[in-house]
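Asks: When you get a sec, could you give me coordinates for this:
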Amino acid sequence: MEWIVALMSIITVNMLLSGDNALVIALASRNLPPDQQNKAMIWGGAGAIGLRIILTFVAIVLLKIPYLQLIGGLALLWIAVKLLAGEEENHELQANNNLWGAIKTIIVADVVMSVDNVLAIAGVAKGDITLLVIGLGISIPIIIWGSKLINMLMERWPIIITIGAAFLGWTGGEMATADQKVEPLLAPYPWSHWAIPIAFAIIVVLIGSMLSKNKQSGNKEPQNNL
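Replies: Residues are numbered from 1 along each chain as shown. Below is the predicted model of the structure:
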């Protein structure tokens, strides 16, 4: 049961953090003929899956280095805040007129944009490579072909994003407390292994919601009375 929950967590995290990846595919292949667009999607997506699995495997190994898991947990906390605040990065991509150029653009752009995904999924997988491969293998095709539906659901029920961001905060807290240098310090306080992840989740919701409200109020143009 725990393995299934972790698998669903990987799929959910990847879907939440991969909103721009489907846009990359559309932009990179928009100048191709329709039949080649499908090929670019399939081969570009397959290449992205393979490289992301490799990167996440590397991340799992690196997170075993002292203090890197603590740093990764804090980084994931910030990623979750940005997700909830709606601070999306702008990616300018040049469309390609040939199939292999589009595939290369899709793979490179996906890898560059996937730092947050890799870090979050490495934290959820906790060293289980089988879980990692299956989770990514399921979630990335969903993102490629179901991105419009995913975005529509998130727009209709924003609570999905809030819950997902809180979960990322929880994962960041778990990563921080599992660091090999931090864990011995927390040994006398066993309650800290659930209190710190809860604190991270609460911080994400509070700060992310505040930044989101400030952003929305800042986007409202003042009306001029003529």
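Asks: Now do residue 158: how many residues are near it, please.
Replies: 13 (other C-beta atoms under 10 Å). From N, CA and C alone the C-beta is placed, and that goes for glycine too.
Asks: how far away is it from residue 83?
Replies: Here the criterion is C-beta to C-beta, to the nearest Å. By it, residue 158 lies 12 Å from residue 83.
Asks: roughly how far apart are the residue nearest to residue 160 when sequence neighbours are not counted and residue 191?
Replies: If the residues on either side of it in the chain are set aside, residue 160 comes closest to residue 154, at 5.3 Å by C-beta to C-beta, 6 or more residues apart in numbering. To residue 191, residue 154 is 34 Å away according to C-beta to C-beta.
Asks: can I assume the residue nearest to residue 160 is in contact with residue 163?
Replies: No - look at residue 154 against residue 163 with C-beta atoms under 8 Å: they stay out of range, at 10.8 Å.
Asks: Next, show the common contact partners of these two.
Replies: Residues touching both residue 154 and residue 163 (C-beta atoms under 8 Å, 6 or more residues apart in numbering): none.
Asks: Mind pulling the model confidence for residue 199?
Replies: Listed pLDDT for residue 199 reads 95.
Asks: Helix or strand: which one has residue 217?
Replies: helix 192-219 (DSSP states H and E).
Asks: Can you spell out which helices and strands pack onto that helix?
Replies: On a contact count with 3 or more C-beta pairs under 8 Å, 6 or more residues apart in numbering; DSSP states H and E, helix 192-219 meets helix 68-85, helix 159-177, helix 183-186.
Asks: run the last query once more with 7 Å
Replies: helix 68-85, helix 159-177 (3 or more C-beta pairs under 7 Å, 6 or more residues apart in numbering; DSSP states H and E).
Asks: any idea of the angle that helix forms with helix 159-177?
Replies: Relative orientation of helix 192-219 and helix 159-177, computed by axes from the mean of the first three to the mean of the last three C-alpha atoms, to 10 degrees: 140 degrees.
Asks: In this structure residue 80 contacts residue 203, no?
Replies: No - in this structure residue 80 lies outside contact range of residue 203 using C-beta atoms under 7 Å: 8.8 Å.
Asks: And these two? Which one has more around it.
Replies: For residue 80 versus residue 203, the count of surrounding residues by other C-beta under 10 Å is larger for residue 80: 30 against 17.
Asks: Report the mean per-residue pLDDT for stretch 161-173.
Replies: What stretch 161-173 shows for mean pLDDT is 85.
Asks: Any stretches of the chain with poor pLDDT?
Replies: Applying pLDDT under 70 to the chain flags residues 1, 16-31, 86-97, 109-116, 139-140, 142-152, 218-226.
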